[in-house]
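*Asks:* Make a model of this:
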Amino acid sequence: MSDQFLSDGRLLWPVWSLGALLSASLVAEGTLLAFGVVTAPDGYWTGAVSSVVSLGGVGYALHRLPKSDLSVDRYSRIGH
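*Replies:* Numbering: from 1, shown residues only. The predicted structure follows:
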């Protein structure tokens, strides 16, 4: 195993999965709201905004980790 995070993201698959799942959830919710299948409950927009902020954090981590000087050996819980 390399001592750096791989730029192709192989060691970051859990973070990619989390980002993909959160994105799919936001798109599905937005689609249902747009077509009027469901109505937005109280507090929905607060949750939607916090989800977008969380997704931004996941995106930043995916962008930053491969370029960082963090070693996989020391921070193995991030990369596995």
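*Asks:* Touching, Leu18 and Ala61? I think so.
*Replies:* No - taking contacts as CB atoms under 8 Å, Leu18 lies outside contact range of Ala61: 9.6 Å. Placement of C-beta: from N, CA and C, glycine included.
*Asks:* between those two, what contacts are shared?
*Replies:* Counting by CB atoms under 8 Å, 6 or more residues apart in numbering, no residue touches both Leu18 and Ala61.
*Asks:* Just the pLDDT for the residue of the chain positioned farthest from its centre.
*Replies:* Distance from the C-alpha centroid of the chain peaks at Gly36, with 26.9 Å (CA atoms, centre = their mean). Predicted confidence (pLDDT) at Gly36: the value is 93.
*Asks:* Contact partners for it?
*Replies:* By CB under 8 Å, 6+ apart, no residues touch Gly36.
*Asks:* what does Val58 give?
*Replies:* The contact partners of Val58, by CB under 8 Å, 6+ apart, come to Val15, Leu18, Gly19, Leu22.
*Asks:* Looking at those, which is nearest Gly30?
*Replies:* Distance to Gly30 across these (CB to CB) is lowest for Leu22, with 12.6 Å.
*Asks:* which residue sits closest to the closest one in space, ignoring its chain neighbours?
*Replies:* Leu55 (5.2 Å; CB to CB, 6 or more residues apart in numbering).
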